[in-house]
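Participant: After the sequence you'll find the predicted model.
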Amino acid sequence: MHWIILGAIAVTLIVAAGRHPRFAFSLLAILLAFTFVMYQLIPGERERGVVMISLAQVQLSSVMITSGYAGSYKLAGRLHNSATDVALVEATLEVKQRDCLPADASATKDCSIIGLAAPRVVLAVPPGQARDFSVQVFFPSARPRGKVRWEYLVTQVLGRRHKGGD
């Protein structure tokens with residue numbers, strides 16, 4: 001429906017610009033201002049229908065972190081959605097890169113955090129199912145001196161009501 005209205009407005013502006021350019025420009029400015037005001041007042045499409053899923057209903061498993069291109073890392077794993085009526089659509093992770101000196105490699109509490117990232121995983125996981133994912137993670141200033149240890153966890157998940165079919 002939105003595209004039909006936008007198409008009609010575009011055709012009107014094109015026709016009006018040929019005959020009355022000042023009118024077309026004024027109409028365009030009014031429409032842009034109206035669009036900006038409506039965008040600020042009405043929630044966007046992304047927020048509509050979004051349901052929060054409990055963090056306890058999402059499990060992260062089979063996580064592997066490998067070196068990537070230009071100092072990045074490839075984070076791959078599997079997200080399990082144990083919710084019964086909500087499909088997972090996005091998860092935010094927290095990834096910590098720790099530098100552990102060889103003498104302290106067994107004690108995580110003595111390791112320094114040298115990198116912190118919060119990648120978003122956009123992935124459709126129906127209720128009761130699991131899906132594999134892969135994202136790039138960047139730690140621009142991280143230069144480990146000892147053994148690198150990784151910590152990762154799911155910090156936020158978004159979902160949509162599941163309508164069946166999967």
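Facilitator: Thanks, I have it.

Participant: going forward, measure contacts between C-alpha atoms and count neighbours the same way
Facilitator: Fine.

Participant: Flag every buried residue along stretch 11-19.
Facilitator: If you call a residue buried by 16 or more other CA atoms under 10 Å, then stretch 11-19 has these buried ones: 13, 16.

Participant: Show me the contact partners of that stretch.
Facilitator: If you take CA atoms under 8 Å, 6 or more residues apart in numbering as the criterion, stretch 11-19 is touched by 23-25, 27-28.

Participant: mind listing what T66 touches?
Facilitator: By CA under 8 Å, 6+ apart, the neighbours of T66 are 73-75.

Participant: One more pass at 6 Å, please.
Facilitator: Contacts for T66 (CA atoms under 6 Å, 6 or more residues apart in numbering) come out as 73-74.

Participant: gap between the residue sitting nearest the centre point of the chain and S26?
Facilitator: By CA atoms, centre = their mean, the chain has its centre lying nearest to R120, at 3.6 Å. Applying CA to CA, to the nearest Å, the value for R120 to S26 is 41 Å.

Participant: which stretches of the chain form helices?
Facilitator: Residue ranges of the helices in the chain, as given by DSSP state H, are 2-19, 21-41.

Participant: want to try a markdown table for those, with distance to L153 and mean pLDDT as columns?
Facilitator: A markdown table is the format used below for the helices of the chain (distance: least, CA to CA, whole Å; pLDDT from 0 to 100):
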| stretch | distance to L153 | mean pLDDT |
| --- | --- | --- |
| helix 2-19 | 39 | 77 |
| helix 21-41 | 33 | 78 |
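
Participant: can I get those in a markdown table with distance to V95?
Facilitator: Below are these laid out as a markdown table (distance: least, CA to CA, whole Å):
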| stretch | distance to V95 |
| --- | --- |
| helix 2-19 | 39 |
| helix 21-41 | 33 |
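
Participant: ok, back up a step: with distance to I53 and neighbour count added, can I get the contacts of stretch 11-19 in TSV?
Facilitator: Shown next, in TSV, are these (distance: CA to CA, whole Å; neighbours: other CA atoms under 10 Å):
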residue	distance to I53	neighbour count
F23	50	13
A24	47	18
F25	46	14
L27	44	16
L28	41	15
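
Participant: for the residues you listed, which one is nearest C100?
Facilitator: Distance to C100 across these (CA to CA) is lowest for L28, with 59.2 Å.

Participant: where's the closest one relative to L60, distance?
Facilitator: From L28 over to L60 (counting by CA to CA), the distance is 49 Å.

Participant: May I see the domains of the protein written out as residue ranges?
Facilitator: 2-41, 50-161 (automatic domain parsing).
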